[in-house]
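J.: just to be clear, the model below is a prediction. Sequence and coordinates:
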Amino acid sequence: MRILVVEDEKRLAAALQTGLEAEGFAVDVAHDGGEGLWYARENTYDAILLDIMLPVMNGYKVCETLRAEEIWTPILMLTAKDGEWDEVEALDTGADDYVTKPFSFVVLLARVRSLLRRGAAERPALLEVGDLVLDPASRIVTRSGTELSLTSRELSLLEFLMRRRGEVVTKTQILNHVWDYAFEGDPNIIEVYVGRLRRKIDKPFGRNDIETLRGSGYRLRVPS
Ligand code: CA
């Protein structure tokens, strides 16, 4: 059984590697999201342990990218209770399970074994909000049966809004999920992308489903 550990805290990564190897697993370690993604694409693993706060690309993006590329290796997210990230979000991006830091190695091992027993994840269900349909696996979006041409960033933004349908999402939440962890540009970029998305998914259909809530964020309206 081969396991990939993606963790930027070097001591924790080394401890996980030593512990898992002692249990008979073959272990590769990556110290940032970009490297982790490369390993996960190039090799076949039985499970991936994936930290969330990572340099280059955060764990959510790594997970989403792998699922979008139809790589269904079971993923166990390593989450930290810092208030900004939560377990539900981890599972939303296509992770199979999570453990909250700090965790004991015994607990982690039990979760890994349970994941290995379950095997690879199912192809995720279609996301549907009214007549808007997004297939997270094929990355195809349709409205009223018409296929829409979205860039990968527009699609990630739409996917995030659809997963949080009916809820107000802040610009910070959008930045954390849709842009890379290392993004240090102008958060107003989000307004630009929301505008583009509206021109593609709303305007041609005479709709106004992406609402702007002044000072708080955006909300994808759920049709009644
Ligand atoms: Ca980290």
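T.: Received it, and whenever you're ready, just let me know what you need.

J.: okay, strands next: where are they in the protein?
T.: 2-6, 26-30, 47-51, 75-80, 97-101, 127-129, 132-135, 140-143, 146-148, 210-213, 217-220 (DSSP state E).

J.: need the ones you listed in a markdown table (columns: mean pLDDT and distance to the ion).
T.: C-beta here means a position set from N, CA and C on the backbone, and glycine is covered the same way. Below are these laid out as a markdown table (pLDDT from 0 to 100; distance: least, C-beta to the ion, whole Å):
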| stretch | mean pLDDT | distance to the ion |
| --- | --- | --- |
| strand 2-6 | 95 | 9 |
| strand 26-30 | 94 | 12 |
| strand 47-51 | 95 | 4 |
| strand 75-80 | 89 | 7 |
| strand 97-101 | 87 | 9 |
| strand 127-129 | 92 | 28 |
| strand 132-135 | 93 | 29 |
| strand 140-143 | 94 | 32 |
| strand 146-148 | 94 | 35 |
| strand 210-213 | 95 | 32 |
| strand 217-220 | 95 | 26 |
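
J.: pipe the ones you listed into a markdown table and attach mean neighbour count per row.
T.: Below are those laid out as a markdown table (neighbours: other C-beta atoms under 10 Å):
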| stretch | mean neighbour count |
| --- | --- |
| strand 2-6 | 23 |
| strand 26-30 | 18 |
| strand 47-51 | 27 |
| strand 75-80 | 23 |
| strand 97-101 | 17 |
| strand 127-129 | 16 |
| strand 132-135 | 20 |
| strand 140-143 | 18 |
| strand 146-148 | 13 |
| strand 210-213 | 14 |
| strand 217-220 | 21 |
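
J.: do you know how far the residue nearest to Leu134 when sequence neighbours are not counted is from Met57?
T.: Of all residues not flanking Leu134 in the chain, Leu127 sits nearest, at 4.4 Å (C-beta to C-beta, 6 or more residues apart in numbering). Distance, Leu127 to Met57, by C-beta to C-beta, to the nearest Å: 22 Å.

J.: again, but for Thr170
T.: From Thr170 to Met57 the distance is 21 Å (C-beta to C-beta).

J.: confirm for me that Leu132 is in contact with Ile201.
T.: Yes - with contacts counted by C-beta atoms under 8 Å, Leu132 reaches Ile201, the gap being 6.5 Å.

J.: quickly list what's touching both of these two.
T.: Common contact partners of Leu132 and Ile201 (C-beta atoms under 8 Å, 6 or more residues apart in numbering): Val141, Arg143, Asp209.

J.: OK, contacts around the residue nearest to Val62 when sequence neighbours are not counted?
T.: Once flanking residues are discounted, Val62 sits nearest to Gly33: 4.8 Å by C-beta to C-beta, 6+ apart. Gly33 makes contact with Val6, Leu54, Pro55, Val56, Met57, Asn58, Gly59, Lys61, Val62, Tyr181, according to C-beta under 8 Å, 6+ apart.
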